[in-house]
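Visitor: 3D model of this:
(2 chains)
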Number of protein chains: 2
Amino acid sequence: MRIWRATILLFVTLNVSCAQISFTVVPLGVKGGSDESNLSAYALTATGTHDYVCLDAGTLHAGIKKAIENKTWKGDATNFLRKNIKGYLISHPHFDHTNGLIINSPEDSAKYIYGIESCLTVLQEKHFSWKSWANFGNEGEQPTLNKYTYQILTSGKEAPLYNTSMFVTPFVLSHVAPNESTAFLIRHADNYILYLGDTGCDRLEQSDKLHQLWTAIAPLIQNKKLKAIFIEVSFANEQPDHLLFGHLTPALLMEELAALEKISGVGTLKNLNVMITHIKPFGNREAVIKKQLHERNTPGVTLIFPEQGKALKF
Amino acid sequence: MRIWRATILLFVTLNVSCAQISFTVVPLGVKGGSDESNLSAYALTATGTHDYVCLDAGTLHAGIKKAIENKTWKGDATNFLRKNIKGYLISHPHFDHTNGLIINSPEDSAKYIYGIESCLTVLQEKHFSWKSWANFGNEGEQPTLNKYTYQILTSGKEAPLYNTSMFVTPFVLSHVAPNESTAFLIRHADNYILYLGDTGCDRLEQSDKLHQLWTAIAPLIQNKKLKAIFIEVSFANEQPDHLLFGHLTPALLMEELAALEKISGVGTLKNLNVMITHIKPFGNREAVIKKQLHERNTPGVTLIFPEQGKALKF
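Guide: Okay, here's the model as predicted:
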């Protein structure tokens, strides 16, 4: 009788644990500027596997080094990069999201770079252009060194993330029109994580891109399938609208979360994990942003502030 | 009588000291790849002043932060950058020499970017191109934000480094022909420092660019006016010629120093400060390069291996 009880208990525990934790994220860089050693890059894997993709690639080597120092990972940074990072999802081609990819490319192994067409075109024209860096890609200026294979993603259409057990559906965002950025909805089995690249709010961008995204993900929130949203808050509320450069403040994030809640249903965002990315370092801005977010957290989301090299599980 | 003696002694001491130490260099980044937090950038000032220029700008913020941690400098990294770095000399437009400049540009103050025309053109077309980054320059794609003023340098012609007491004469180098790189000969009063960007040796580059440079600086060596040479050694001797990508090894550096000594005179390089830059991190390459350099140091130069954030005086 006792054995049966123990077995049932073990089964229930394992089952709950599997259902609860689907993704592991190791931030390789979390800041929205200035510090070259800590720029937007998030290594993501289906929990239990070691096949990561990088959501943006602002800092790679220095972030992996930090994760190794923190005992999150073991071994040598370059070897880890070569072996365990299977691909890069680039939200938009600004250098604070691509520097790590460029700098590490000579030592990197062959892998995939995923992005919408406008993003990959800029990578080919400006980044891996021979004049500014060797062309490690498989397209663009000749000769191509063919280390990286570009995978063009189509907005709203799911695609596999090769050599991992994850899939991605991209959604185009507005980052000072007509510049596009991208949100990546990552699926593992029946669980999801949403990562947004730099974005302004619909009202100021005069866009409906976030509205479209919220409409697409609302069912996942209702069904508790969405484990976390990574979204940027670059500036504090004091930043004037004309100096936002396509970014969010705490107030604008809450404006957008209210828009999302209007679609997903009142109360549905309660305890949803919302990870704040891309704070632009300046004076005490980080502390101010945290305070302003906590003060205005009407939907009751769980606010998370990532740290470089420290694993998070969702 | 004693007072006179003391005064004369003090005068002599000060005079000798002034003649001996002309430049202070604070390496902000010393590596030739991989680690985004420590890429080629050397802050240089005339000793006794705090008006620096940066020789290349691979890493700025993380290097200044390190210098502050080391108590080389005081205060806040962004403030230091804004106030004390008066200009950037870019040897060539590869991202490992420009990333710090790009990433820090939004918070930076107005200043000058110096380079030969081919280099500044690439900065305008690939780096500050709006598609990849806002155009903080005063030329290139419209609109120009005019924070940085480009100063085109002409090979062999001296130009002032504004807001400092230093002057620069550039010399074109070959970095996989037809790609150009640059050596910067910096003058303060009657003393000089020579910084070379990435370069191959004349023999393999099928070039005479280094020969021309050695001919130009030989008189300064003969007259003991040249305080130091900063030159790259990216790879160890084992690197095959066809995989050098326009870089030097210990053996190739010594080949070039022998060519220099042939012009400046046998024995003239003895104790000349030669600072080794741009080692590309990989396994134990750094230790191997150091050993190979010390083993082949026929001209008897003083080999210096810079460390991020630690001041050197010449």
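Visitor: Please make it C-alpha for all contacts and neighbour counts, starting now.
Guide: Noted.
Visitor: got the residues of the stretch 51-200 of chain A near chain B?
Guide: A:59-62, A:78, A:93-96, A:99-100, A:102-104, A:107, A:122, A:125-127, A:131-133, A:179 (Cα under 8 Å from any Cα of the partner chain).
Visitor: which residues sit in contact with A:Pro160?
Guide: Going by Cα atoms under 8 Å, 6 or more residues apart in numbering or on different chains, A:Pro160 touches A:166-168.
Visitor: Who are the packing partners of the helix or strand that contains A:Lys86?
Guide: Per DSSP states H and E: A:Lys86 is located in strand A:85-89. Where contact means 3 or more Cα pairs under 8 Å, 6 or more residues apart in numbering or on different chains; DSSP states H and E, strand A:85-89 is packed against strand A:52-55, strand A:111-116.
Visitor: wait, A:Ile289 sits on A:Gln239?
Guide: No: under the criterion of Cα atoms under 8 Å, A:Ile289 is not in contact with A:Gln239, lying 11.2 Å apart.
Visitor: For those two, work out which one has more neighbours and name it.
Guide: Each of A:Ile289 and A:Gln239 has its neighbours counted (other Cα atoms under 10 Å in any protein chain shown); A:Ile289 has more, 22 against 12.
Visitor: quick one: contacts for the more buried one?
Guide: Neighbouring residues of A:Ile289 by Cα under 8 Å, 6+ apart: A:233, A:235-237, A:249-250.
Visitor: Let me know the closest of those to A:Ser22.
Guide: Nearest to A:Ser22, judged by Cα to Cα, of the contacts of A:Ile289 is A:Val233 at 25.1 Å.
Visitor: what about the closest one, how many neighbours?
Guide: Other residues close to A:Val233 by other Cα under 10 Å number 27.
Visitor: do A:Phe314 as well
Guide: Neighbour number of A:Phe314 under other Cα under 10 Å is 18.
Visitor: quick one: contacts for it?
Guide: Contacts of A:Phe314 (Cα under 8 Å, 6+ apart): A:20-24, A:227-228.
Visitor: Setting aside sequence neighbours, what's the nearest residue to A:Val30?
Guide: Closest residue in space to A:Val30, ignoring its immediate chain neighbours: A:Ser40 at 4.8 Å, by Cα to Cα, 6 or more residues apart in numbering or on different chains.
Visitor: now the one you found: how far from chain B?
Guide: According to Cα to the nearest Cα, to the nearest Å, A:Ser40 and chain B sit 12 Å apart.
Visitor: Nearest the geometric middle of chain A, what residue?
Guide: Central residue of chain A (Cα atoms, centre = their mean): A:Tyr195, 3.8 Å from the mean position.
Visitor: Ramachandran angles for whichever residue of the stretch 201-314 of chain A sits closest to chain B?
Guide: Here the stretch 201-314 of chain A gets closest to chain B at one residue, A:Phe282, 8.3 Å apart by Cα to the nearest Cα. Reported as degrees, to the nearest 10, the phi and psi values for A:Phe282 are phi -170, psi 120.
Visitor: count of neighbours near it?
Guide: Other residues lying near A:Phe282 total 12 when counted by other Cα under 10 Å.
Visitor: Does the residue nearest to the centre of chain A touch A:Phe184 like I think?
Guide: Yes: the pair A:Tyr195 / A:Phe184 is scored as a contact, 5.2 Å apart, by Cα under 8 Å.
Visitor: shared neighbours of A:Ile289 and A:Gln239, anything?
Guide: A:Thr249.
Visitor: can you map out the strands along the stretch 151-300 of chain A?
Guide: A:159-160, A:166-174, A:180-188, A:191-196, A:226-232, A:273-277 (DSSP state E, counting those that start in this stretch).
Visitor: would you turn those strands into a markdown table with distance to B:Thr47?
Guide: Below are those laid out as a markdown table (distance: least, Cα to Cα, whole Å):
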| stretch | distance to B:Thr47 |
| --- | --- |
| strand A:159-160 | 58 |
| strand A:166-174 | 49 |
| strand A:180-188 | 47 |
| strand A:191-196 | 48 |
| strand A:226-232 | 43 |
| strand A:273-277 | 42 |
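Visitor: Distance to B:Glu158 and mean pLDDT for those strands - can I get that in JSON lines?
Guide: Formatted as JSON lines, these follow (distance: least, Cα to Cα, whole Å; pLDDT from 0 to 100):
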{"stretch": "strand A:159-160", "distance to B:Glu158": "57", "mean pLDDT": "98"}
{"stretch": "strand A:166-174", "distance to B:Glu158": "47", "mean pLDDT": "98"}
{"stretch": "strand A:180-188", "distance to B:Glu158": "44", "mean pLDDT": "98"}
{"stretch": "strand A:191-196", "distance to B:Glu158": "49", "mean pLDDT": "98"}
{"stretch": "strand A:226-232", "distance to B:Glu158": "47", "mean pLDDT": "98"}
{"stretch": "strand A:273-277", "distance to B:Glu158": "46", "mean pLDDT": "98"}
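Visitor: Leaving out the residues flanking it, which one is nearest to A:Asn237?
Guide: Nearest one to A:Asn237, counting by Cα to Cα, 6+ apart, is A:Thr249 at 5.4 Å.
Visitor: So that neighbour versus A:Glu256, what's the distance?
Guide: A:Thr249 sits 11 Å away from A:Glu256, going by Cα to Cα, to the nearest Å.
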